[in-house]
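**Q** How does the following fold in three dimensions:
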Amino acid sequence: MDFTFLRYAAIGGVQASLILIAGHYFPWQRLTGKQLPILCRYIYGIVSVCFIGFPIAIIHMPIITGWQAVAMLVIVSAFGGLAVFGCYGIDKIGQDNEVKDSFVNDNYKDAYNDLKNDN
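**A** Numbers count the residues shown, from 1 in each chain. A predicted model of the protein is given here:
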């Protein structure tokens, strides 16, 4: 493979990833009053990868063959998929920390109340 091909594939992949990350953390609930429906999320992801990241990746390639276009689409999609999995992983870590924090705070409240009642 040519390094030019890989470079443009990475550029398109990073572009698609940034758009997907921005969309993941965009306050859709404040804007619409509810969570974005699952179908809308999938459409957003497909548009980000196929109509933004992929064209950005191939627009600067001087000559592109059919297999290179397919490989480029797979690479850009992989970048986007990894970005979304990363976002969900970060969300999961945040939720776990919130549960731990509430558990610790509840235990501190119990200990504080016990000390207060002893005096």
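**Q** Quick check: closest non-adjacent residue to the residue most central in space within the chain.
**A** Centroid-nearest residue in the chain: Val84, 3.1 Å away (criterion: CA atoms, centre = their mean). The spatially closest residue to Val84, leaving aside those adjacent along the chain, is Leu20, at 5.6 Å (CB to CB, 6 or more residues apart in numbering). For the C-beta atoms, the positions are set from N, CA and C on the backbone; glycine is no exception.
**Q** and the helix or strand encompassing the one you found, what does it pack onto?
**A** Assigned by DSSP states H and E, Leu20 belongs to helix 3-25. Packed against helix 3-25 by the contact rule (3 or more CB pairs under 8 Å, 6 or more residues apart in numbering; DSSP states H and E) you find helix 38-46, helix 54-59, helix 66-118.
**Q** Report the distance from whatever helix or strand comes next after that helix to the chain centre.
**A** Per DSSP H and E, the first helix or strand lying C-terminal to helix 3-25 is helix 28-32. For helix 28-32, the separation from the chain centroid amounts to 18 Å (computed by CA atoms, centre = their mean, to the nearest Å).
**Q** can you pull the buried residues of helix 28-32?
**A** For helix 28-32, the neighbour count (16 or more other CB atoms under 10 Å) marks Trp28 as buried.
**Q** got a list of what the residue lying closest to Tyr25 once chain neighbours are set aside touches?
**A** Distances taken as CB to CB, 6+ apart put Cys87 closest to Tyr25, at 7.2 Å, once the chain neighbours are dropped. Contacts for Cys87 were tallied using CB atoms under 8 Å, 6 or more residues apart in numbering; they are Leu20, Ile21, His24, Tyr25.
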